[in-house]
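Q: what shape does this take:
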Amino acid sequence: MAVFGVQNINTDDEITHYQVGRYVSCNEAIWRIFSFPIHERHPTVVHLAVHLEDGQRVYFNASNVAQRAETPPMTTLTSFFSICQSDPFAQSLLYSEVPSYYTWNASSKKFQRRKQGDGVPGHPDVRSTCSLGRLYTVHPKNDECFSLRLLLVNVRGPTSFQSLRTVNGLVCPTFRAACQKLSLLENDTHWDTTIAEALISASPNQIRTLGVFTIRSGNPELEVNEEIHNQALILIEDICYLMCDSLLVKLGMPTPHRELNEAFNRVLEREHCVTNEDEATNYPTEFLNSLDLPGLPPHNLQLKVGSVIVMIRNLNQPRLCNGTRLLVRKLMDNVIHATILKGKFESEEVLIPRIPMIPTDIPFEFKRIQFPIRLAFAMTINKSQGQSLSVCGLNLENECFSHGQLYVACSRVGKPSALFVFAPDNKTKNVVYNNVIK
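A: Predicted structure coming up:
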């Protein structure tokens, strides 16, 4: 490319160099002659307002100040409430889903149904596109507005601010109280509910074990009568020491009265990770809910009675450890009643609570309170190591990539007739370290 221009006194004028050196190719020239679009944005992103009742921004002048104060203009949030009152389809949507089915008319300040797009099954008058809705972020220190935004992310079809604060027919005094009733915010009530659900059918030993999970993960304030519950505290401390090598005093709990021996003189420090609330504006709740990270259960964990699940955390070794497979017997909001399927503790019934988990392999910290399990339709070869199965199906569409993996997979059963292998062309590679066969 050649640059032609008049010599300038300033030889470092980058703007002039760019202007005189710009080159228009044949393709770009034809593109501009036919007036084709030079660039576009896809998909369309619609910013959605988040504000408290009568807390929206209003522009006015001296002539219309009274009128604007009496009837402020509609925002995307108040318009969302309006269409939920009159449109049955809108009542099934989250706030962030509205731009996919409705367009925002900036002049009339209203949402209108889309006239173009793909049809929605069961709703012949509704059209959908790939447009996205993004709520403005709110800092957690702005407590009520942050709670309002959290409700908008999770509650479908609210018709007003009061409707958003209504939980199970009761109107909560604040948005934060509504979030707490819906278990959207972490507090000790979660652990109280966990224990209350377990009391329905669990044995005393299971409840004591669940109490250790509560102390280790949530560290709530518990009222303890020393005379009556001293023996229970001793049993809980024994379990707690086996599970996390810590005494109750290190976990913020009362110490039982007994003579300490050498085994209980060990003092080990626990590291607590605290999430940075200043990062909440950079990583909104709906983005965190969409993350599906290795070693972490999904935000939307769909289970039913009879599902086979696998542990992804060490809760109570050696009973409940990473890789233990269980069968769901009973589902509650905060506790899963399950039966261990294999191993030394086969057929033993256990309780699995929701616990806070913080991943360590991402550039920011966040906490997810969820059951430490995943559905166990299948497991990796490494995860299956050490387990004995009655029947095993081996999928080798993706070949083994390390030494000994094929052997580990095939040795999960005791007889060849119990092993079923699927491999393309009935062939696969057996990866062996070269030095082994030399």
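
Q: strands of the stretch 251-400 of the chain, start to end?
A: 308-311, 325-331, 335-340, 349-353, 355-357, 368-370, 373-375, 392-395 (DSSP state E, counting those that start in this stretch).

Q: what helices and strands are in contact with the second one?
A: Secondary-structure packing of strand 325-331 (3 or more C-beta pairs under 8 Å, 6 or more residues apart in numbering; DSSP states H and E): strand 308-311, strand 335-340, strand 349-353. Any C-beta I mention is one placed from the backbone N, CA and C, and that applies to glycine too.

Q: before we move on, back to that, now the strands of the stretch 251-400 of the chain in TSV, please, with extra columns for mean pLDDT and distance to Asn382.
A: Below are the strands of the stretch 251-400 of the chain laid out as TSV (pLDDT from 0 to 100; distance: least, C-beta to C-beta, whole Å):
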stretch	mean pLDDT	distance to Asn382
strand 308-311	90	13
strand 325-331	90	15
strand 335-340	90	20
strand 349-353	88	22
strand 355-357	83	21
strand 368-370	84	23
strand 373-375	88	15
strand 392-395	88	14
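
Q: and of those strands, who's closest to Ser79?
A: strand 368-370 (32.5 Å; C-beta to C-beta).

Q: for the protein, which segments count as helices?
A: When secondary structure is read from DSSP state H, the chain shows helices at 14-20, 26-33, 65-70, 76-86, 143-154, 161-164, 175-181, 189-198, 204-217, 226-244, 285-290, 381-384, 405-410.

Q: for the fourth one, which positions count as buried?
A: Pointing back at helix 76-86 there. Thr76, Leu77, Thr78, Ser79, Phe80, Phe81, Ser82, Ile83, Cys84 (16 or more other C-beta atoms under 10 Å).

Q: pLDDT weak spots in the stretch 151-300 of the chain?
A: Within the stretch 151-300 of the chain, the segments meeting pLDDT under 70 span 187-188, 215-229, 231, 238-246, 249, 258-278.

Q: rerun that using 80 as the cut-off
A: Low-confidence segments of the stretch 151-300 of the chain (pLDDT under 80): 185-195, 199-282.

Q: avg pLDDT for stretch 397-415?
A: For stretch 397-415, the mean pLDDT works out to 82.

Q: swap that for stretch 314-322, sorry
A: For stretch 314-322, mean pLDDT is 83.

Q: next, the buried residues of it.
A: By 16+ other C-beta under 10 Å, the buried positions in stretch 314-322 come out as Leu315, Asn316, Arg319, Leu320.

Q: of those, closest to Ala177?
A: Ranked by distance to Ala177 (C-beta to C-beta), the buried residues of stretch 314-322 are led by Leu315 at 31.3 Å.

Q: roughly how far does the closest one sit from His337?
A: 14 Å (C-beta to C-beta, to the nearest Å).

Q: Serialize the strands of the stretch 251-400 of the chain to JSON lines and add fields for distance to Asp125 and mean neighbour count.
A: As requested, these are exported to JSON lines (distance: least, C-beta to C-beta, whole Å; neighbours: other C-beta atoms under 10 Å):
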{"stretch": "strand 308-311", "distance to Asp125": "42", "mean neighbour count": "20"}
{"stretch": "strand 325-331", "distance to Asp125": "38", "mean neighbour count": "17"}
{"stretch": "strand 335-340", "distance to Asp125": "42", "mean neighbour count": "21"}
{"stretch": "strand 349-353", "distance to Asp125": "45", "mean neighbour count": "22"}
{"stretch": "strand 355-357", "distance to Asp125": "44", "mean neighbour count": "18"}
{"stretch": "strand 368-370", "distance to Asp125": "38", "mean neighbour count": "17"}
{"stretch": "strand 373-375", "distance to Asp125": "37", "mean neighbour count": "18"}
{"stretch": "strand 392-395", "distance to Asp125": "45", "mean neighbour count": "14"}
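
Q: TSV for the ones you listed, including distance to Ala418?
A: Shown next, in TSV, are the strands of the stretch 251-400 of the chain (distance: least, C-beta to C-beta, whole Å):
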stretch	distance to Ala418
strand 308-311	18
strand 325-331	17
strand 335-340	21
strand 349-353	27
strand 355-357	35
strand 368-370	34
strand 373-375	23
strand 392-395	6
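
Q: what's the closest of the ones you listed to Val167?
A: Of all the strands of the stretch 251-400 of the chain, strand 368-370 comes closest under C-beta to C-beta, at 18.4 Å.

Q: parallel or antiparallel, which strands does the closest one pair with?
A: Its sheet considered, strand 368-370 pairs with strand 355-357 (antiparallel) by DSSP bridges.

Q: now what about the partner strand, what contacts it?
A: Contact with strand 355-357 is made by 186, 213, 217-218, 296-297, 313, 315, 367-372, as judged by C-beta atoms under 8 Å, 6 or more residues apart in numbering.

Q: select only the buried ones of those residues in ChimeraX?
A: Applying 16+ other C-beta under 10 Å to the contacts of strand 355-357, the buried members can be selected in ChimeraX as follows:
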select :213,217,218,296,297,313,315,368,369,370,371,372
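
Q: wait, which of the contacts of strand 355-357 is closest to Asn105?
A: Among those, Arg368 lies closest to Asn105 (C-beta to C-beta), at 38.2 Å.

Q: so that closest one makes contact with Pro298?
A: No - the pair Arg368 / Pro298 is not scored as a contact, 9.3 Å apart, by C-beta atoms under 8 Å.

Q: joint contacts of the two?
A: Counting by C-beta under 8 Å, 6+ apart, nothing touches both Arg368 and Pro298.

Q: excluding its backbone neighbours, what's nearest Ser183?
A: Excluding the flanking residues, the one nearest Ser183 by C-beta to C-beta, 6 or more residues apart in numbering is His190, at 6.2 Å.

Q: how far away is that neighbour from His337?
A: His190 sits 18 Å away from His337, going by C-beta to C-beta.

Q: okay, now the closest residue to His139 other than its chain neighbours: neighbour count?
A: In space, and not counting its chain neighbours, His139 is closest to Thr281: 5.5 Å by C-beta to C-beta, 6+ apart. By other C-beta atoms under 10 Å, the residues close to Thr281 number 13.

Q: wait, Thr281 touches Tyr136, no?
A: No - in this structure Thr281 lies outside contact range of Tyr136 using C-beta under 8 Å: 9.3 Å.

Q: quick revisit: how about the helices of the chain, which one is nearest Arg325?
A: Smallest distance to Arg325 across the helices of the chain (C-beta to C-beta): 9.5 Å, for helix 381-384.

Q: how about the closest one as PDB, C-alpha atoms only?
A: Extracted as PDB, the C-alpha positions of helix 381-384 are listed here (Å, rounded to 0.1, in the frame of the first residue of the first chain):
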ATOM      1  CA  ILE A 381     -13.300 -43.400  34.600                       C
ATOM      2  CA  ASN A 382     -11.200 -41.600  37.300                       C
ATOM      3  CA  LYS A 383     -14.300 -41.100  39.500                       C
ATOM      4  CA  SER A 384     -15.200 -44.800  39.200                       C
END
